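**Q** Got a predicted structure here, sequence first:
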Amino acid sequence: MSANWPERISAFSRSPSQFLCSTTSDIFLAEVLHELRDDRASDHIKVLLLSPLLEHPTLLCPSVSVGEETALELMSVFAQCSPKSLPLRCHLLLALTSVLLCSCCVSSHTSASQDFLDLLLQMAQDTNDAQAGAALHPLRTTACDCLRELEACLPGLLSQRLELLSTLRQQENSRLHQAYTGLHALALRNAVYLLTQQKGSGAGDLKGALGSNEGFVWGEGSDSAHPNSESHSDLALFSPLTLGPMGKVPSLQTGQDCKELRSLLSSLLEESYLLTSLSQAALLRRLVEVLAMVPAVSPTIFRAQLLRLLGTCKVCLLHTTLLMKAAFTDSLFSAEDEAFLLKRLVGLSQHPLLSTPEKLFYMDCILHFPENRPISSSDESLPVLLTPRLAAALVPTVFNDSVSMLARLNLLSLVYLEEGEEDREGQGGRGLAYLYDHLTSLLHIVENQASREMVVTFFRASFLFLLHFCHVERYSEDLSQRLCDLYLRRTRLAPHLINLADRTQDRLEESGWAVALLRALQRTITEAPLSQLTLQDLRWHLRILARVAEEGEVLQKATLNFLLCVITSSSSALCVSGDWRLGNGVLGVCRRLLLHPSLDSLLTPLADLLQHLTCHYGETDIQDHARLYYTLLTTLSQEKLAGVLAQRGTERGRQAKVRSLSAIMGETEELTSGLTVHQTERPLLRLVKHEPDDCKPDHKPDSEPACETESSPGQGGIEEYRAQFQSSSFASEITLQYHLTHTGVHDPHFDKLFSIRLHFDLTDSHYEEVSDISVPCLFRTRKPPTVTLRLKPKQPYHTTLRASAIFTTEDGLSWHSPLADLNVAFPEVFLPLLTPLGWAREKKQRVFEGIWGEICSGQSEGDLTNAATSLFCDQLEDSAVGELVEKHFQRYLVSDLDKGRCKVLFFLPPQSHVLLKVITEEDAIQVHIATDNWKLLPYVNSYLEDITKESHSTQQVNGDV
């Protein structure tokens, strides 16, 4: 069976939901665990089998109980693994960590999680591989990683093991020293934070925590030093603390007596240079947070590390230095340190050997530089020490890549913003002039057929420039004119110009630059010579004019005159060509003109334009739309016209859906209510299971005489029975009956319901789609109607259906109401043995024995590769067994209960069988089970447990009476 595991695991990884359509998560998990226990499977296959538990643990282990059972199975596999199977053992530790965390076993303090933590600590205590040897070094590395993951997901779990973690860190001399250091720092940070959340905690509590080595802190119900039951649910534990003057950090008041903590921090800092850059950054971040929460320890403890950090070329360490500066400001950094750090950031932002992402990061650090004495707390504010002279090294050039150029432009714009036009002859004025010259250089490049990237960069640069200097009229007006000239040369830039106008209008609402640009573009288009106009240019002109028509401040006579000249000109080939796209472009402009505030002054020329399109345009669709617009223009008032054509959605009507023409009819409350399907506040209907009096199958009873000639089992038994399977409709449906009734909520408005439509949605893929059911009416005072629900299984499992109903009340209103979910239990899938008419009981017994023999012997002529047998035992008296058989097995009996024995056969559509041989001996019952679908065994076992428990309850009640 393991031969196809790679394909199955690959299919599961591609789409878990699609894979589980053909099985269930319980069955798939059972198969995986069974294969992991198989000694014949190779380590490679077992590692592959663990990938679903690593990638989708919550899907396979959705509850604490399932997670704990799975963890116990994995720990059993781990214990049986050969010591040489290191990859498998490492992956088992990772899988155990994922399962226990994602199924909430650790937070629920289960025994499996306790055993797993003890196992991890036991492996971690073998420092320097003194006991197991260097061969198990990777296993110890994985154990440390698992402990760190557990502490990160359940902060404070190891807060009473700080002394042990400190000892292990000091003893470890191999490269694993880094893992122990990271684990110790994380546990220390979480332990200090938990102490800050407890009232009255002080130096004694901190000293006790640093020297503790008692157990694990499980949160609620723990006898730990952290009795706060909400400690593990504190979101601050899972995210970095807000450091800096503007942030709030919880503090632990310890007085001046913190020698143990100061000694521990010094030890960690002295060893930090042995770690990799990323590990150093993580360690320093944890220690900064600890120091910020314990004010009694001076931040000067970091002073020895500061020289190394200020000169580092590692991004992660420099970022940590900035975080340190934000936390401690002038308590740790002098004014000289601050100036040096800022100059270093400026130098790194334009260093030729650094990559673009690194330069962008350093420029962003300048924008968010943590000053010793900050003046502003805004998102982006330049430090006071960043003067125009210092920032001159970052002036943008056309040789920069696009993103760096835009970042430099934004930075320099902020630098020159305050000095701009107030000092035209000074540094600010020259800087602003340089930025505008840079922008015009980009414009000249775009004019000369630049690449798409350069075009986008230019318009983004224009937007940034306007965002900061739109108030400088000298530059903003000149830019508008240059953009108009650029458009005439390259009309394909129309979408970029429209986008620039839209974004500028959104961000600078008080500025009129966007409207001025649109007005200038309108003037540029309408005054251009028509002899030079091409159809391609006209297509872009129409998009610009449509956008201009959305502005009520811009007069539209020039636009209409331009369109009339283009459409009605004798030399124009537009109407003759009948181009559908151009026609729609013209109609788009007309539509917006119909909504313009100055429509009264545009009435005559607009009507002439629409009439000309109706009569002369060479495309029928355009003629029809033009005729519609002409009719609306000449028959509706301006207010009504706006109601018909008004657009919903985004501001200024851009990119929105158009309302239906039904808006021509005046909306009233009655009309709106009648056309709306209303939602009930609570469920009003319910489906109650109905058990019909006659539950027997629709074939002749066994007492009828046989009509066939005796034949051997091989000739007239199984073959004739299985021949029925050739018909696709044979026993393919399960019929369930319900009463449709009102719920307990009594509302006279819903006493009489009509035209009820019941809809059912599947919650899994085990059944075919269920058809809607119609019920003519439901009256509260009458007998409830019976609803017949037909289900067609793909696989014979239990399921849940989500139900809802749409109905009409006496006042003609339509309502939608949800119904309670319908649970189809596993026994409801059972059908009796369906045989041809006239079969005697002896022949049915031969079919039973034939199927039983095939399952037990494994010699199947059909597809019984999934066959399996099982045994169920329980204590029941003889009388209770008779009642159990009569109540639960009567419809499915193949032979009557005789001398404490009977045979039962369940048929489960589409083609599965469950066979039972019930045998009673003294005060016990044995149920021998055989099935051609082994996946049904867990459900059969649960079913037998339920009915025997019911029998026990009946016996107890009878005994009490």
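**A** The structure has been received and is ready for your questions.
**Q** helix/strand/coil for Arg722?
**A** With DSSP: H, G, I helix; E, B strand; the rest coil as the basis, Arg722 sits in helix.
**Q** Averaged pLDDT, stretch 557-576. What do you get?
**A** Averaged across stretch 557-576, the pLDDT comes to 82.
**Q** Apologies, that question was intended for stretch 539-554.
**A** 94.
**Q** buried sites along that stretch?
**A** The neighbour-count check on stretch 539-554 (16 or more other C-beta atoms under 10 Å) flags 539-551, 554 as buried. The C-beta positions use only the backbone N, C-alpha and C, and glycine is treated the same way.
**Q** Mind listing residues that contact it?
**A** For stretch 539-554, contacts defined as C-beta atoms under 8 Å, 6 or more residues apart in numbering pick out 487, 491-492, 494-495, 497-498, 501, 515, 518-519, 521-522, 525, 533, 556, 559, 562-563, 581-582, 585-586, 588-589, 592-593, 596-598, 652-654.
**Q** can you rerun that using 6 Å?
**A** For stretch 539-554, contacts defined as C-beta atoms under 6 Å, 6 or more residues apart in numbering pick out 491, 494, 498, 515, 518-519, 521-522, 525, 556, 559, 585, 588-589, 592-593, 597, 652.
**Q** Would you mind listing which of those residues are buried?
**A** Counted by 16+ other C-beta under 10 Å, the contacts of stretch 539-554 give 491, 494, 498, 515, 518-519, 521-522, 525, 556, 559, 585, 588-589, 592-593 as buried.
**Q** From the buried residues of stretch 539-554, which land in helices?
**A** Secondary structure from DSSP state H places Arg539, Trp540, His541, Leu542, Arg543, Ile544, Leu545, Ala546, Arg547, Val548 of those in helices.
**Q** can you list the weak-confidence ranges in the stretch 851-961 of the chain?
**A** Flagging of the stretch 851-961 of the chain using pLDDT under 70 yields the residue ranges 858-865, 955-961.
**Q** Where do the strands of it begin and end?
**A** With DSSP state E, counting those that start in this stretch, the ranges of strands along the stretch 851-961 of the chain come out as 868-875, 893-898, 901-908, 912-921, 924-931.
**Q** Now do the buried residues in the last one.
**A** Same thing as strand 924-931. Buried residues in strand 924-931, counted by 16+ other C-beta under 10 Å: Ile925, Val927, His928, Ile929, Ala930, Thr931.
**Q** what packs against it?
**A** Using 3 or more C-beta pairs under 6 Å, 6 or more residues apart in numbering; DSSP states H and E, the elements in contact with strand 924-931 are strand 868-875, strand 912-921.
**Q** ditto for the shortest one
**A** With contacts defined as 3+ C-beta pairs under 6 Å, 6+ apart, strand 893-898 has these neighbours: helix 841-857, strand 901-908.
**Q** hang on, the earlier thing: quick one: which of the contacts of stretch 539-554 sit in helices?
**A** Under the assignment DSSP H, these contribute 494, 498, 515, 518-519, 521-522, 525, 559, 585, 588-589, 592-593 to helices.
**Q** Now for the residues you listed: which two are most distant?
**A** Spanning the widest gap among those are Val515 and Gly585, at 22.0 Å by C-beta to C-beta.
**Q** can you point me to the longest helix in the protein?
**A** Across the chain, the helix with the greatest residue count (assigned by DSSP H) is helix 937-960.
**Q** Can you tell me how far Tyr180 is from Leu150?
**A** 15 Å (C-beta to C-beta, to the nearest Å).
**Q** care to break this structure down by domain?
**A** Taking the TED database as the domain assignment, the ranges for the chain are 306-373+380-387, 395-527, 685-691+718-829, 841-959.
**Q** can you give me the end-to-end distance of the third one?
**A** The reference is to domain 685-691+718-829. 25 Å (C-alpha to C-alpha, to the nearest Å).
**Q** Now that domain: average pLDDT?
**A** pLDDT averaged over domain 685-691+718-829 gives 88.
**Q** Tell me how far the residue lying closest to Pro796 once chain neighbours are set aside lies from Pro793.
**A** Using C-beta to C-beta, 6 or more residues apart in numbering and skipping residues adjacent in sequence, the residue nearest Pro796 is Leu908, 3.6 Å away. Noted for Leu908: a distance of 8 Å to Pro793, by C-beta to C-beta.
**Q** Between those two, which is the more surrounded one?
**A** Applying other C-beta atoms under 10 Å to Leu908 and Pro793 shows that Leu908 carries more neighbours, namely 24 against 19.
**Q** I'd like the mean pLDDT over stretch 488-497, please.
**A** Mean pLDDT, taken over the full extent of stretch 488-497, equals 94.
**Q** Would you mark the buried spots in that stretch?
**A** Residues Arg490, Thr491, Leu493, Ala494, His496, Leu497 are the ones in stretch 488-497 that count as buried (16+ other C-beta under 10 Å).
**Q** Please apply the same query to stretch 805-817.
**A** Quick answer for stretch 805-817 (16+ other C-beta under 10 Å): Ala805, Phe807, Thr808, Thr809, Ser814, Trp815, Ser817.
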